[in-house]
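> Got a predicted model here, sequence first, then my questions.
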Amino acid sequence: VQLQASGGGTVQSGESLRLSCVGSGFTSGDYAIGWFRQAPGTGREGITCISPNGRSTFSAESVKGRFHISRDNVKNTVYLQMNNLTPEDTAIYYCATVQCGFGVKATGTWGQGTQVTVSS
């Protein structure tokens, strides 16, 4: 099982980015996938996740209403659409297999991370 995150970059405050997490070595529909982020000097925060069939999601209060997670199991890809970005969203973003319910709990497989930088 491998995950690869991509799509990070540098944007200005208020702009949008879409991250992708591509899975290989497994059937995408078998796993819930989540996104985490880690800003400098802080711990890793689970921000959103999606169930294996895509019918249910969870989002942390810090991103609710601005970030939207979706998946395409045919392409083995999970997307994170990030809108209205602020400098506080600057972090390395990781995708992972998770338990997705009233929170995001990693279950062992991580992507390599993609840097998102938001300038004011």
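Great, that's in hand.

> Please report phi then psi for the closest residue to residue 72 other than its chain neighbours.
Spatial nearest neighbour of residue 72, chain neighbours left out: residue 79 (7.5 Å); criterion: CB to CB, 6 or more residues apart in numbering. (C-beta placed from N, C-alpha, C; glycine too.) The phi/psi pair for residue 79 (degrees, to the nearest 10) reads phi -110, psi 150.

> How many residues are close by residue 79?
19 (other CB atoms under 10 Å).

> Just the pLDDT for it.
Note on residue 79: pLDDT of 98.

> before we move on, what about the one 10 residues further on?
Looking at residue 89, its pLDDT is 98.

> again, but for residue 24
At residue 24, pLDDT is 89.

> State the number of residues packed around residue 108.
The burial count for residue 108: 8, using other CB under 10 Å.

> so the residue nearest to residue 72 makes contact with residue 57?
No: using CB atoms under 8 Å as the test, residue 79 is too far from residue 57 to be in contact (11.8 Å).

> still on that earlier bit, distance check, the residue nearest to residue 72 against residue 116.
Distance, residue 79 to residue 116, using CB to CB, to the nearest Å: 14 Å.

> How about residue 9, nearest residue that isn't a chain neighbour?
residue 17 (6.2 Å).

> For the residue nearest to residue 72, list the residues it contacts.
Counting by CB atoms under 8 Å, 6 or more residues apart in numbering, residue 79 touches 18, 19, 20, 21, 69, 70, 71, 72.

> Recalculate using a threshold of 10 Å.
7, 18-21, 35, 50, 68-72, 95 (CB atoms under 10 Å, 6 or more residues apart in numbering).
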